[in-house]
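1. quick one, what's the 3D model for this:
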Amino acid sequence: MSEKKVRFKVFRYKPGAIDPPRYDTVELTVGPRTTVLDALETIRVDHDPTLMYRHSCHHASCGTCAYKINGREGLGCLTNVIELGTAEIVIEPMDALSRVVDLVVDMAEFYRDISPHWTYIRDSEWYPDAATPEGVEHYVRFENCIECGACVSACPVTATGGFYVGPAALAAVSREISKNKDQTAPLLDLAGSEQGVWQCHSAYECSAVCPSEVNPAGHIMALRRRLIVQKAKSFLGIR
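-> Numbers count the residues shown, from 1 in each chain. Presented below is the predicted three-dimensional model:
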């Protein structure tokens, strides 16, 4: 696959500036391995040092380089420019989170309904029969979620501006229930609240854009099933 020229249309926004938000267009020569994040770094270094965007690890572990790329949420470090197959690539900040500057959004809103007390470690499902070293009962791993915010941006409910716990937090609730049985009741109360799973429109966009296969929509549907069973048991007097 040879090099080619591609136009990048990048959203620009400076808080308090006189100029309204705009799009700047830059044409770059890209190669077969050029990512959207590579292109942004080239634009910042060679064309406009004032361009602001979030990034860190460059290999899909940190989740900081999530943007809307041609109208769909994705990680800049994973999105290959040539594989997009378009002559122009539009890069915008994610939706449903307040804009800070250019492509940067306020991630504090993403963490609003995720408790710092919920755990990020769980039993590993990859090696259930593997022999463990002496003194180690079983293997553990981090949760899949890299907290990029793509699911929140893609969710049609959060886009309306109404108060909704959101797909990331509800997926975290579902995972926490599986790890902390003592907290099942209060966690289910949160999931079943007016801001919880019943707000979901079952669009499944959250799962479609998730770069690490968390499947938030699947967790939301699982929580709904648990709540329905709980309500049925309560109605029938079953404990």
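2. contacts for stretch 113-131?
-> 138-143, 165-166, 168-169, 172, 175-176, 178-180, 195 (Cβ atoms under 8 Å, 6 or more residues apart in numbering). Using the backbone N, CA and C atoms, a C-beta is placed for each residue, glycine as well.
3. quick one: mean pLDDT over that stretch.
-> Mean pLDDT, computed over stretch 113-131, is 84.
4. got the buried residues for that stretch?
-> Buried residues in stretch 113-131, counted by 16 or more other Cβ atoms under 10 Å: 113-114, 118.
5. same thing with stretch 221-239?
-> 221-224, 226-227.
6. quick check: of those, which lies closest to residue 73?
-> Each of those was scored against residue 73 by Cβ to Cβ, and residue 221 proved nearest at 20.6 Å.
7. just the element for that closest one, please.
-> helix 216-236 (DSSP states H and E).
8. same question, residue 23
-> strand 22-30.
9. what comes up buried for that strand?
-> Those would be 26, 28, 30, for strand 22-30 by 16+ other Cβ under 10 Å.
10. just send the residues you listed back as a markdown table, with distance to residue 63 too.
-> Shown next, in a markdown table, are the buried residues of strand 22-30 (distance: Cβ to Cβ, whole Å):
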| residue | distance to residue 63 |
| --- | --- |
| 26 | 25 |
| 28 | 25 |
| 30 | 24 |
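11. residue 103: which of those residues is nearest?
-> So of the buried residues of strand 22-30, ranked by how close each gets to residue 103 (Cβ to Cβ), first place is residue 26, at 13.8 Å.
12. mind checking which of the contacts of stretch 113-131 are buried?
-> Using 16+ other Cβ under 10 Å, the buried ones in these are 143, 165-166, 168-169, 172, 175-176, 195.
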